[in-house]
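Engineer: Whatever this is, show me its structure:
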Amino acid sequence: MLNIRRLELLLDVVELGSITAAADKHVYSPSGVSQQLRRLEAEIGQPLLQRQTRGMVPTDAGHVLAAHTRRILRQMAAAEADLAEIAGLHRGSLTMGTFPTLGGSFLPLVISRFKKEYPAIELHVRSSRFEDLVEMLENGQVGMSLLWDYEWNRINPGDFALTTVFEDATALIVGKDHRLARRKQVDMADLATEEWIVRGEAHPVVEVLQRSARAAGFTPRIAFQANDYQEAQAMVSVGLGIALAPRTAVVNKHPGVSIVSLGSSAPSRRVLLAHRHDRVRAAAEMAFQATLLEVAKDTTADFR
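Structural biologist: Numbers count the residues shown, from 1 in each chain. So this is what the prediction gives:
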């Protein structure tokens, strides 16, 4: 492959008319420029310059190579400008993953602030279940993703680089007319006689309920299963039972329910930002992470 620095020297000799002028431009010695051009001619296998009374002039091969060099240098300058724009966040894109409860509560706040600060960055968000998000991280479909874990199923830090965003507390959902609706905080032990509305059997909040109830000394009585947290709130609002949910899942609260703190009697989950250890991170990703952590700092009290 031809050396770009030697090609640039050739072009300067052709355009400036002498080796001395090219040497002055690059702060080289004339002998140093001559040496580099002889090496270029050796690589090409034919002469590129010839001396005449009016200075150095290109041979036919020199004319052809100089013309190509002009185009190459223009393309390299364009590439450097494009990279500078990306580094300066004047353009670029990123794709990130999230899970539905954050996609409907915390994340829109982050996106709103990020778009105000970096309007030229194209942002794509993929919302899915935990297992799908992990797969998308592993195969590069998303550069980073919001994930969650509880104390009994911690994500292995060897799998991904993890940054804790905030702790998402577990809250109690009761109907507006429930005996505990006016309480600011209750303990799981106060709920032993209640009937419960839960998500599908495989949903993590079911294990949260089972562990919390067991620690409080009772076995929860399940009344109904709900497909999502909105459905669970609707069931609670008409007195079919009570429910647990992460705080982020009840930001958009049903008008017929009250949200009550459980303090430390129910475990919280960690909300995490994850990316692959081997990923070379673009400036846009770093800027988004910084914005996300700033918004988390401003709003974390809402999820306790």
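Engineer: all strands of the stretch 101-250 of the chain, in order?
Structural biologist: Per DSSP state E, counting those that start in this stretch, the stretch 101-250 of the chain carries strands over the ranges 122-127, 144-149, 161-168, 170-175, 195-199, 221-226, 243-246.
Engineer: Next SSE downstream of the last one?
Structural biologist: Yep, that's strand 243-246 we're talking about. Using DSSP states H and E, the next helix or strand after strand 243-246 towards the C-terminus is strand 257-261.
Engineer: what stretches of the chain score poorly on pLDDT?
Structural biologist: The model of the chain has pLDDT under 70 over residues 85-86, 201.
Engineer: top helix in it by residue count?
Structural biologist: helix 60-87 (DSSP state H).
Engineer: Quick check: next helix or strand after that helix?
Structural biologist: Counting by DSSP H and E, what follows helix 60-87 is strand 93-98.
Engineer: Name the surrounding residues that touch that next one.
Structural biologist: Outside strand 93-98, the residues that touch it by CB atoms under 8 Å, 6 or more residues apart in numbering are 107, 121-128, 133, 136-137, 141-146, 282, 284-285, 288. Every residue, glycine included, has its C-beta placed from N, CA and C.
Engineer: Same check on stretch 61-70?
Structural biologist: 7, 8, 10, 11, 14, 15, 44, 46, 47, 48, 49, 58.
Engineer: Pick the one among those residues closest to residue 294.
Structural biologist: Residue 294 has its nearest neighbour among the contacts of stretch 61-70 in residue 8, at 44.3 Å by CB to CB.
Engineer: list the contacts for the closest one?
Structural biologist: If you count contacts by CB under 8 Å, 6+ apart, then residue 8 has 69, 73 around it.
Engineer: I'd like the distance between it and residue 78.
Structural biologist: 16 Å (CB to CB, to the nearest Å).
Engineer: With residue 94 instead?
Structural biologist: Counting by CB to CB, the gap from residue 94 to residue 78 is 22 Å.
Engineer: When those two are compared, which one has more neighbours?
Structural biologist: More crowded of residue 94 and residue 78, by other CB atoms under 10 Å: residue 94, with 23 against 10.
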